[in-house]
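> Any chance you could fold what I've pasted below:
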Amino acid sequence: MFKYFLIFILISLPAASNVKLTVEDALNKYFPGYEIKNKKLFLSKENIEKLSAKAESKFSNRIFSYYEASKNGQRVYTAYLITHKLRTRTQTMFIVFKTNGEMKSAEVIAFYEPEEYIMTQPWLKQFVNKKSQQMPNTSEVMRVSNSTISYNETTKAIRRIANVNSFIYD
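Numbering: from 1, shown residues only. Prediction:
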């Protein structure tokens, strides 16, 4: 009996959730007291091609979820969820932009790779207060030893979302 229990535990470990913050918790953390509207963006193949060229990164999705945070009927922030593959598993990021198009913050809210590969808040701050055309590319970001795939793919994801934000509001 113990043998089967041990096998069940070992099989279940990789499937265990590694959610750091739920979407609801992220919205409450970043937008307390704001009116939140959940929206979806559906992009054409032509728009994806143009955005891929601008972001210097291939888009794998044509549908994006985003949230507008408003006060007194005025949009103040827009937040995006992006899930993308790193090595063999995914990470989900919650990325917030100000109305002027500058990135306010980014946070990894779910991460299914080994913890040593996650990009930290100090690393993510190199994108803060930058608009889509100012975002560093993979050759310009801080290197992280033993996390080349993570920092490259995280940089590309942020650049894609910055360009989506610019597409919607500029």
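> In contact with Met103, which residues?
By CB atoms under 8 Å, 6 or more residues apart in numbering, Met103 lies in contact with Ile95, Val96, Phe97, Phe127, Val128, Asn129, Lys130, Lys131, Met135, Ile158, Ala162. (Each C-beta comes from the backbone N, C-alpha and C, glycine too.)
> which stretches of this structure form helices?
Taking DSSP state H to define them, one finds helices in the chain at 2-15, 23-30, 45-55, 121-124, 148-169.
> Dump the contacts of Met103 into TSV; add distance to Ser57 as well.
Compiled in TSV, the contacts of Met103 are given as follows (distance: CB to CB, whole Å):
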residue	distance to Ser57
Ile95	14
Val96	20
Phe97	17
Phe127	14
Val128	19
Asn129	21
Lys130	15
Lys131	16
Met135	10
Ile158	9
Ala162	10
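> And the residues you listed, which is closest to Glu116?
Checking those against Glu116 with CB to CB, the nearest one is Ile158 at 20.4 Å.
> my read: that closest one touches Val108, true?
No. If you go by CB atoms under 8 Å, Ile158 and Val108 don't touch, sitting 11.1 Å apart.
> Give the residues shared as contacts by those two.
Jointly contacting Ile158 and Val108 under the rule CB under 8 Å, 6+ apart are Met93.
> So if I had to pick from these two, which one is more boxed in?
Neighbours were counted for Ile158 and for Val108 using other CB atoms under 10 Å; Ile158 has more, 27 against 19.
> Give the buried residues for stretch 124-144.
Residues of stretch 124-144 classed as buried by neighbour count (16 or more other CB atoms under 10 Å): Leu124, Gln126, Phe127, Lys131, Ser132, Met135, Thr138, Val141, Val144.
> What of stretch 56-63?
Ser57, Phe59.
> same check, this time on stretch 96-111
Of the residues in stretch 96-111, 96-98, 101-111 count as buried by neighbour count, 16+ other CB under 10 Å.
> Show only the entries of those residues found in strands.
Secondary structure from DSSP state E places Val96, Phe97, Lys98, Met103, Lys104, Ser105, Ala106, Glu107, Val108, Ile109, Ala110, Phe111 of the buried residues of stretch 96-111 in strands.
> what sits against the nearest residue to His84 once chain neighbours are set aside?
Among residues not flanking His84 along the chain, Ala157 sits closest, at 4.9 Å (CB to CB, 6 or more residues apart in numbering). Going by CB under 8 Å, 6+ apart, Ala157 touches Ser57, Ile82, His84, Met93.
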